[in-house]
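Trainee: Sequence plus predicted model, see below.
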Amino acid sequence: MTGIVIRVFGRYYTVKQDDVEYISVLRGRIKRTPEMRKFSNPVAVGDVVNFSINRDGLGVIESLVERKNFFSRKDKFKGKEDLIAANLDQVIAVQSFAVPRLNLRFVDRILVRGMSAGIPVVLCMNKLDIADKGDEAYISSYYRDSGLAIIFVSALTGEGIEKFRSMISGARSLLIGSSGVGKSSLLNEVFSGLSVKTAEVSESTGKGRHTTTNVQMEQINSSTELIDTPGVREFGIMHIEPHMLGTYFQDFNEASKKCRFNPCSHDHEPDCEVRRLVDLEEIHPDRYVSYLNILYSLRENIDNMY
Ligand code: GDP
Ligand code: ZN
């Protein structure tokens with residue numbers, strides 16, 4: 001049988017087929033292939049799997065259908081890859097203007113990972129009703145030419161909610177945002193009737209967790225799916241060669257063609273056009289600092305996460 005993984009809870013996977021859900025485990029050999037050993041947990045929500053049912057009615061995942069894409073971060077402790085979800089249409093980073101305050105370095109990491117995985121990333125800025133006008137302008141100029149789509153919304157006043165609704169309609173989206181940004185308020189506003197459960201595992205117990213062990217996909221309607229990820233508040237990047245990082249900063253692309261060196265890491269090389277434009281503020285200086293921050297963490301292979 002073939003089904004889709006809609007929930008991962010530790011070592012248990014809920015596989016859905018024809019509206020029936022099967023609690024399943026992995027056949028041991030799946031975990032032992034070299035490809036799968038890279039991951040802390042080799043199967044993710046969104047994966048299409050071939051499975052069988054054993055005598056006790058427990059599902060056994062036998063093999064994985066090839067993924068269109070997958071989104072992952074670094075597992076801080078094991079040096080492995082923490083698979084978050086697979087076969088996505090988009091990743092939505094949800095942030096708020098205040099409490100908690102926006103953290104664009106975190107968004108930048110998600111954007112880099114999305115680009116390297118071939119998954120579009122959208123930034124959803126919530127709590128527009130209490131936004132400082134300066135912050136709003138700052139975000140727009142920070143991401144000018146970056147390729148990141150941004151929508152400004154308020155779950156409280158309903159502003160921008162229609163845009164949010166049409167953005168997620170007909171797609172499978174992964175939502176990433178730390179507790180308090182208003183994710184549940186937003187979803188409840190968009191889908192009245194759907195009562196979005198916030199993470200059962202509270203963020204306080206989630207503290208210090210570096211693998212995504214509790215992920216679930218909600219079927220909103222026949223074509224709209226949302227995957228919520230409780231507790232992703234650190235985001236380490238792996239598997240990117242430091243000199244390739246600049247290619248995921250779309251706002252550097254034009255300039256980097258004019259750097260004297262190719263590839264150029266834009267930090268120490270002479271005649272670097274990116275740095276020249278940063279000095280002129282044609283490339284946002286803070287975005288450049290964020291780039292350096294990721295660059296150094298990749299180079300030193302340290303867990304410099306935001
Ligand atoms: P979650 O942890 O991301 O699911 O966040 P919640 O939806 O529980 O919201 C956290 C807090 O932010 C609550 O006190 C909400 O009332 C508040 N909140 C959510 N959206 C908005 C908004 O658009 N504007 C304002 N001012 N507060 C909001
Ligand atoms: Zn350069």
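Mentor: Happy to help now that I have it. Ligands and ions are numbered 1, 2, ... in the order given.
Trainee: And the strands in the stretch 151-300 of the chain, which stretches?
Mentor: 172-176, 214-221, 224-228 (DSSP state E, counting those that start in this stretch).
Trainee: Which of the ones you listed sits closest to F152?
Mentor: strand 172-176 (16.6 Å; Cβ to Cβ). Heads up, the C-betas are built off the backbone N, CA and C, glycines and all.
Trainee: Tell me which residues are up against the closest one.
Mentor: 46, 71, 84-85, 87-94, 110, 183, 217, 224-229, 232 (Cβ atoms under 8 Å, 6 or more residues apart in numbering).
Trainee: Beta-bridge partners for V215, please?
Mentor: Under the criterion DSSP bridges, V215 forms beta bridges with V8.
Trainee: Tell me how far it lies from I110.
Mentor: 16 Å (Cβ to Cβ, to the nearest Å).
Trainee: pLDDT averaged over stretch 145-165 - what is it?
Mentor: What stretch 145-165 shows for mean pLDDT is 96.
Trainee: repeat for stretch 238-255
Mentor: For stretch 238-255, mean pLDDT rounds to 94.
Trainee: check whether that stretch contacts ligand 2.
Mentor: No - figure legend: stretch 238-255 not in contact with ligand 2 (Cβ under 5 Å from the ion); closest approach 7.3 Å.
Trainee: thinking again about what came up before, out of the strands of the stretch 151-300 of the chain, deepest packed?
Mentor: Ranked by mean neighbour count, those are led by strand 172-176 with a mean of 24 (mean count of other Cβ atoms under 10 Å).
Trainee: which secondary element of this structure has the worst mean pLDDT?
Mentor: When each helix and strand of the chain is scored by mean pLDDT, DSSP states H and E, helix 203-206 comes last, with a mean of 42.
Trainee: What residue in the protein is the furthest from its centre?
Mentor: Note on the chain: the largest C-alpha distance from the chain mean falls to R55, namely 37.7 Å (Cα atoms, centre = their mean).
Trainee: Can you pull the phi and psi angles for that residue?
Mentor: Phi and psi for R55, reported as degrees, to the nearest 10, are phi -60, psi -30.
Trainee: got it, and C272?
Mentor: In terms of degrees, to the nearest 10, the main-chain angles of C272 are phi -90, psi 120.
Trainee: ok, now which ones touch it?
Mentor: 259-261, 264, 266.
Trainee: how about the residues of the stretch 1-150 of the chain near ligand 1?
Mentor: 126-127, 129-130 (Cβ under 6 Å from any ligand atom).
Trainee: can you list the domains in this structure?
Mentor: Per automatic domain parsing, the domain ranges recorded for the chain read 2-66, 85-228, 242-304.
Trainee: Next, give phi and psi for the closest residue to R11 other than its chain neighbours.
Mentor: In this structure, R11 finds its nearest non-sequential neighbour in V25, 6.4 Å apart by Cβ to Cβ, 6 or more residues apart in numbering. V25 adopts backbone torsions of phi -120, psi 170, taken as degrees, to the nearest 10.
Trainee: So V25 sits against Y13, correct?
Mentor: Yes - with contacts counted by Cβ atoms under 8 Å, V25 reaches Y13, the gap being 7.2 Å.
Trainee: Give me the common contacts of those two.
Mentor: Common contacts of V25 and Y13 (Cβ under 8 Å, 6+ apart): 59, 61.
Trainee: quick one, which of the two is more surrounded?
Mentor: Between V25 and Y13, Y13 has the larger neighbour count (other Cβ atoms under 10 Å), namely 25 against 14.
Trainee: Fine, thanks again, bye for now.
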